[in-house]
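Enquirer: dropping a prediction and its sequence here:
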Amino acid sequence: MPILRGPAGDQHCGWIDQAICPGQTLSRTQLTSCCIDNTDICMRTTIDIDDRLLAAARRRAAENGTTLTAFVEHALAASLARRPAAAKPYRLEWKTHHGRTLPGVDVTDRDRLLEQMEGRS
């Protein structure tokens, strides 16, 4: 939702215009009252952001000629809109080799088989 400016240059969310006051210009007092009365529509939230990340966001917002709020809203919306591609499930492919049993090897006798494999017999 784009940031809209009231007559005093104050910013507010576009939900107010669309949901409550379509086609009206709000004064700062009316805007404040509207936001207080409808906190479910226009709410401020405090979050902790790493100082370096906040500084980078402020720089990028300034580079783009927008407010920090608009930049963060856009970045958050873009992040939430992305859906990671479903990872292709791993499929194990068996490799089989056809061979023969050597003469004198009994595969049912484990101890004798290990002796032959280790060259002890």
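Expert: Good, I have the coordinates.
Enquirer: let's verify the nearest residue to Thr101 once chain neighbours are set aside: helix, strand, or coil?
Expert: Nearest residue to Thr101, sequence neighbours excluded (CB to CB, 6 or more residues apart in numbering): Val107, at 6.5 Å. For the C-beta atoms, the positions are set from N, CA and C on the backbone; glycine is no exception. Recorded secondary structure, Val107: coil (DSSP: H, G, I helix; E, B strand; the rest coil).
Enquirer: kindly report the same for Tyr90.
Expert: Reduced to three states by three-state DSSP, Tyr90 is coil.
Enquirer: and it, how many neighbours?
Expert: Per other CB atoms under 10 Å, the neighbour tally for Tyr90 reads 5.
Enquirer: then Gly104?
Expert: Applying other CB under 10 Å, we find 8 residues neighbouring Gly104.
Enquirer: I'd like to know how far it sits from Arg91.
Expert: Applying CB to CB, to the nearest Å, the value for Gly104 to Arg91 is 39 Å.
Enquirer: could you do Ser79 as well?
Expert: Taking CB to CB, one finds Ser79 at 31 Å from Arg91.
Enquirer: the more surrounded of these two?
Expert: Neighbour totals were compared for Ser79 and Arg91, and Ser79 leads with 8 against 5 (other CB under 10 Å).
Enquirer: show me the shaky parts of this structure.
Expert: Within the chain, the stretches with pLDDT under 70 are 1-26, 28, 31-32, 34-43, 121.
Enquirer: same thing but 90
Expert: Applying pLDDT under 90 to the chain flags residues 1-48, 68-70, 73, 76-121.
Enquirer: so what are the domain limits for the chain?
Expert: According to automatic domain parsing, the chain is divided into the following domains: 1-44, 45-80.
Enquirer: what's the span of the last one, first residue to last?
Expert: Put plainly, it is domain 45-80. This stretch, domain 45-80, spans 18 Å end to end (CA to CA, to the nearest Å).
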